[in-house]
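J.: Take a look and give me a structure for this.
(chains A and B)
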2 protein chains.
Amino acid sequence: MNILLSAVGYWLTCKLISLCGEMFVRANLFGVDLCKGTGVKIPESQGVLCGVVFLVIMFLFIPIPFIEYFTNRGTFTFPFHVYVEFLAALLSICCMVFLGFADDVFDLKWRHKLLLPTIASLPLLMVYLVTFDLTIIIIPAPFRSLLGYSINIGCLYYIYMGMLAVFCTNAINIVAGINGIEVGQSLVISASVIVFNCIEMSGEYSEAHLFSLYFMLPFFAVSLALYQYNKYPARVFVGDTFCYFSGMAFAVVAILGHFSKTMLLFFIPQVINFLYSVPQLFRFVPCPRHRLPKFNPKLNKLELSYSRFKPTELTKLGRIILKIASIFKLVHFRKVTVKDCEYEECNNLTIINFFLLIFGPTHEKTLTNRILLFQIVCSVIALFIRYPLARLFYDV
Amino acid sequence: MNILLSAVGYWLTCKLISLCGEMFVRANLFGVDLCKGTGVKIPESQGVLCGVVFLVIMFLFIPIPFIEYFTNRGTFTFPFHVYVEFLAALLSICCMVFLGFADDVFDLKWRHKLLLPTIASLPLLMVYLVTFDLTIIIIPAPFRSLLGYSINIGCLYYIYMGMLAVFCTNAINIVAGINGIEVGQSLVISASVIVFNCIEMSGEYSEAHLFSLYFMLPFFAVSLALYQYNKYPARVFVGDTFCYFSGMAFAVVAILGHFSKTMLLFFIPQVINFLYSVPQLFRFVPCPRHRLPKFNPKLNKLELSYSRFKPTELTKLGRIILKIASIFKLVHFRKVTVKDCEYEECNNLTIINFFLLIFGPTHEKTLTNRILLFQIVCSVIALFIRYPLARLFYDV
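T.: The predicted structure follows:
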């Protein structure tokens, strides 16, 4: 039934995206593809259609898992703890789709982007508190002599989960800028989660993994539909809405499916991108408004984009980081002279630019595919870490 | 605690509205006051700020009613059925704020405006089903010999509640067009509900009425803040967002507080407006895009606005309705000749124009106050019907 509804979701999303494009352009929600040089107005924030279709499907789907209760009333008591999880999950996702859309319309400030997701995840954390409330972490075998078998980190665990929601939403948002990359990575991650859930369905916590599947299948379907339109050459853009939507969807299933650590393993490329971006995100190195690669119309390829600044604009810490990183050839850091002024520049610190640094100028489509391939490889590694390797450290 | 948070909400809404005006104008969300003739750009859809502040406050408030459980863990089982109600209510409200905002940005079609609120109220209806599930209506005393003491209308009751959500959202939306009227009526209705809840707090269903109070107090606070800015002369407009938000807030407390019939009594002016509008809403009589009164700059007063059409454009049913209504002086229906063409025209069928029909041209501020006064009188009548009169028909 969930698969059937997911299929309906795929069809509905395709339909809506093809119908509504003009409506978005009319409402001033459009972008120009900076990596094409054509200047055509392309509808933005189509992720909101994805999100709405997803919510509608989930609303229609809600009664299905409880069908047993409705057909045998009186014999069962209603499983309130499951229904609470559904509602809290949908509430958080709905808030994030809304927030993402507001961000597309208004260009919100950073502090709102950090504060509001935290508030939106409160009902979710409270559900975790009253249904599961396991805040114990198992210590890996080598450290057990020091720390014991497990520690209850209590409140810290809730802070960790709250930060997970913020991390997921923003981690996807900063791997962006070329056609199909935001949706592509979400597709790979959700497929990985689906595979993981299917493996675990035979295990002890099958209920939690079934819950996760209920969310991930429609999510995969609506994202796939969006990918058809967003892949190179993009006919629509996904907007911040989609990144917020997908980030929260992952955070929700990770928290309520009780596999937040495994989820982080599927986010390895995003974590790498985040770490690589840290010097720019925290302004150790000056950061321009957009960090996407530069389009070279002669070659029809994308090239490294640089952040150019006067030597005085670079912080001391930034200089040390860039110097060390350039020794290991992780960044391109150089001096340039423009109109008799001395500048320094380094490539923008994103995983997308890092791929360009390694492979040289690349066609946009190839670049996206390479990064998605990397994401797939990372997911396979993640599953390897999760299963054979974890046995070494934890005696499962 | 709820009152304290409501006060915070009032302050926060004021603050946000005064800060964000320019941001809305920049995002193309502004309107021009058609009843002023100045042409100044006034920020639109400020209701979204109201809605967001309301949601944030409720998210922060959620744990409070369960504090007893957290302080005495183990002795109580967690009251899941209450928490489920909170989440479903917030989910529905969040969806509607989102939908309203989307409507402001995109100008959605009528079929979406009817379909989406229905879907958004599904989780709510399911909560009603699993917690209360009382679908019996008590028959008024005079009819009991025919129909018995009560009838279980089952499924029909759920359809009625689903329609309540659609009705409330649209009923407030169509009493609009002059400064402060949308927020003003919502303030009166919510104040009436608060009074009603306080009266009932001593009664049998105190828990349900307390639940309603938890929602209505912050709602009243954020609406009051918005009213400060929206009252004549309006510095901001509320947008469809606010109408959807307030309509759903009322539907939610009516359904989960189990007083949907009493709630309808507080909607008497909206019901009158709806009935008066029927000929235009269902297109028996041609209906222009805007039906707000006409501004007369010479008098600085508002006058009746007319819908003008060729005699052939009027349906047969429409003609009969207008003829009968004009005998009772309920509408102004007349023939006009413009540039040798014969036209007919009747005043636009809204309660606002009806007040102008009775009292003649009126200043905008006076008109709003008169209608709000009418709403207050209706609320007093409603409470009279609910208490002394109901005793005649139902032996309470």
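
J.: is it fair to say residue A:151 lies in a strand?
T.: Yes - checked against DSSP: H, G, I helix; E, B strand; the rest coil, residue A:151 lies within a strand.

J.: Which positions within whatever helix or strand residue A:53 lives in qualify as buried?
T.: Using DSSP states H and E, residue A:53 sits within helix A:47-61. Across helix A:47-61, burial judged by 16 or more other Cβ atoms under 10 Å in any protein chain shown covers A:47-59, A:61. C-beta here means a position set from N, CA and C on the backbone, and glycine is covered the same way.

J.: Does it reach chain B?
T.: Yes - where contact is defined by Cβ under 8 Å from any Cβ of the partner chain, part of helix A:47-61 touches chain B, namely A:48, A:55-56, A:59-60.

J.: contacting residues around the next helix or strand after that helix?
T.: Later in the chain than helix A:47-61, the nearest helix or strand by DSSP H and E is helix A:67-71. Helix A:67-71 is contacted by residues A:63, A:76, A:78-79, B:130 when judged by Cβ atoms under 8 Å, 6 or more residues apart in numbering or on different chains.

J.: hang on, the earlier thing: centre of the chain versus the helix holding residue A:53, how much separation?
T.: Counting by Cα atoms, centre = their mean, to the nearest Å, helix A:47-61 is centred 18 Å from the centre of its parent chain.

J.: just stretch A:20-40 next, same as before
T.: 23 Å.

J.: Give me the mean pLDDT for that stretch.
T.: For stretch A:20-40, mean pLDDT is 80.

J.: Next up, the contacts around residue A:319.
T.: Going by Cβ under 8 Å, 6+ apart, the list of residues near residue A:319 is empty.

J.: Please identify the helix or strand for it.
T.: Per DSSP H and E: residue A:319 is located in helix A:316-327.

J.: okay, residue A:386: pLDDT?
T.: We note a pLDDT of 83 for residue A:386 in this prediction.

J.: now swap in residue A:395 and tell me
T.: Reported pLDDT for residue A:395: 60.

J.: same question, residue A:113
T.: At residue A:113, pLDDT is 82.

J.: count of neighbours near it?
T.: Residues near residue A:113, counting by other Cβ atoms under 10 Å in any protein chain shown, number 18.

J.: element containing it, please.
T.: With DSSP H and E as the criterion, residue A:113 is inside helix A:110-120.

J.: so, in contact with chain B or not, the helix or strand just after that helix?
T.: As assigned by DSSP H and E, the chain's next helix or strand after helix A:110-120 is helix A:122-131. Yes - using Cβ under 8 Å from any Cβ, helix A:122-131 reaches chain B at A:122-123, A:126, A:130.

J.: Of those, which is the nearest to residue B:228?
T.: residue A:122 (28.7 Å; Cβ to Cβ).

J.: I'd assumed residue B:60 was in contact with the closest one.
T.: Yes - under the criterion of Cβ atoms under 8 Å, residue A:122 makes contact with residue B:60 at 7.3 Å.

J.: Now do the helix holding residue A:53 against helix B:110-120, angle only.
T.: Orientation of helix A:47-61 against helix B:110-120 (axes from the mean of the first three to the mean of the last three Cα atoms, to 10 degrees) gives an angle of 50 degrees.

J.: Can you spell out which helices and strands pack onto helix A:47-61?
T.: Applying 3 or more Cβ pairs under 8 Å, 6 or more residues apart in numbering or on different chains; DSSP states H and E, one finds that helix A:47-61 contacts helix A:2-26, helix A:80-106, helix A:206-230, helix A:239-256, helix B:110-120, helix B:122-131.

J.: what's the helix or strand that the shortest one is followed by packed up against?
T.: Using DSSP H and E, the helix or strand that follows helix B:122-131 in sequence is strand B:136-138. The helices and strands touching strand B:136-138, judged by 3+ Cβ pairs under 8 Å, 6+ apart, are strand B:150-152.

J.: Please parse chain A into its domains.
T.: Domain segmentation of chain A under automatic domain parsing yields A:2-259, A:267-396.

J.: ok so, going back, please work out which of the helices and strands packed on helix A:47-61 is packed deepest.
T.: helix A:239-256 (a mean of 28; mean count of other Cβ atoms under 10 Å in any protein chain shown).

J.: For the helix or strand that comes right after it, which outside residues touch it?
T.: Counting by DSSP H and E, the element after helix A:239-256 in chain order, helix or strand, is helix A:260-266. Contacts with helix A:260-266, where a contact means Cβ under 8 Å, 6+ apart, come from A:160-161, A:164, A:168, A:189, A:192-193, A:196, A:250-251, A:253-254, A:271, A:378-379, A:382, A:385-386.

J.: Residue numbers of chain A in contact with chain B?
T.: So chain A meets chain B at A:23-24, A:27-29, A:48, A:55-56, A:59-60, A:62-63, A:66, A:69, A:78, A:80-81, A:83-84, A:87-88, A:90-91, A:94-95, A:97-98, A:101-102, A:105-106, A:116, A:119-120, A:122-123, A:126, A:130 (Cβ under 8 Å from any Cβ).
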